[in-house]
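In: What follows is a predicted structure for the sequence shown.
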Amino acid sequence: MGCRQRFAVDLLVRITVDGHGDLVSGGSSQGRGVWLCEGSRPCLQAAMRSKAIGRGLRVQLTDEQERLFAGRLLDGMEHGGTASSPSTAVS
Ligand SMILES: [Zn+2]
């Protein structure tokens, strides 16, 4: 978890890795997941800074991967959605 401010599950969004090694949010895939505060930019940034996502998921993430994912996640948040659509449109 990126921060320790909130623990209620309904305020968290689950981050997982899909079959392509891409980060997805709100996925229902089984296996390892990392929880972040939904809609919290500081929480996400803290998780990225401390490499908590890659560590929690046991994957090696490049800065580029994290940046792209953060952009998608925050974009979904700012559009009022829950960022629940795992995008497969990564080329
Ligand atoms: Zn948090």
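Out: Yes, it's here. Numbering: from 1, shown residues only.
In: hey, where'd the strands end up in the protein?
Out: Using DSSP state E, the strands found in the chain span residues 12-17, 23-25, 34-37.
In: surely C43 meets R49?
Out: No - in this structure, C43 is not within contact of R49 by Cβ atoms under 8 Å, at 10.9 Å. Heads up, the C-betas are built off the backbone N, CA and C, glycines and all.
In: Those two: which is more packed in?
Out: Taking neighbours as other Cβ atoms under 10 Å, C43 and R49 compare with C43 leading, 22 against 10.
In: Give me the pLDDT for the more buried one.
Out: pLDDT recorded at C43 is 88.
In: So is stretch 62-79 next to the ion?
Out: No - Stretch 62-79 is not in contact with the ion by Cβ under 5 Å from the ion; minimum separation 12.8 Å.
In: Okay, buried residues for that stretch please.
Out: For stretch 62-79, a neighbour-count test (16 or more other Cβ atoms under 10 Å) marks Q65, E66, F69, A70, R72, L73, L74, G76, M77 as buried.
In: what's the average pLDDT for it?
Out: In this model, stretch 62-79 carries a mean pLDDT of 81.
In: in the chain, which spans are helices?
Out: Listed in chain order, the helices found in the chain under DSSP state H are 41-49, 52-57, 63-78.
In: In the first one, which residues are buried?
Out: So the one you mean is helix 41-49. C43, L44, A46, A47, M48.
In: any idea which of those residues is closest to the ion?
Out: Relative to the ion, the closest of the buried residues of helix 41-49 is C43; by Cβ to the ion it sits at 3.2 Å.
In: I'd like to know how far the closest one sits from G21.
Out: 23 Å (Cβ to Cβ, to the nearest Å).
In: Check R14 too.
Out: Distance from R14 to G21, by Cβ to Cβ: 17 Å.
In: what's the closest non-adjacent residue to E38?
Out: Spatial nearest neighbour of E38, excluding adjacent residues (Cβ to Cβ, 6 or more residues apart in numbering): V13 at 4.3 Å.
In: So that neighbour is in contact with W35, correct?
Out: Yes - in terms of Cβ under 8 Å, V13 counts as a neighbour of W35; the distance is 7.2 Å.
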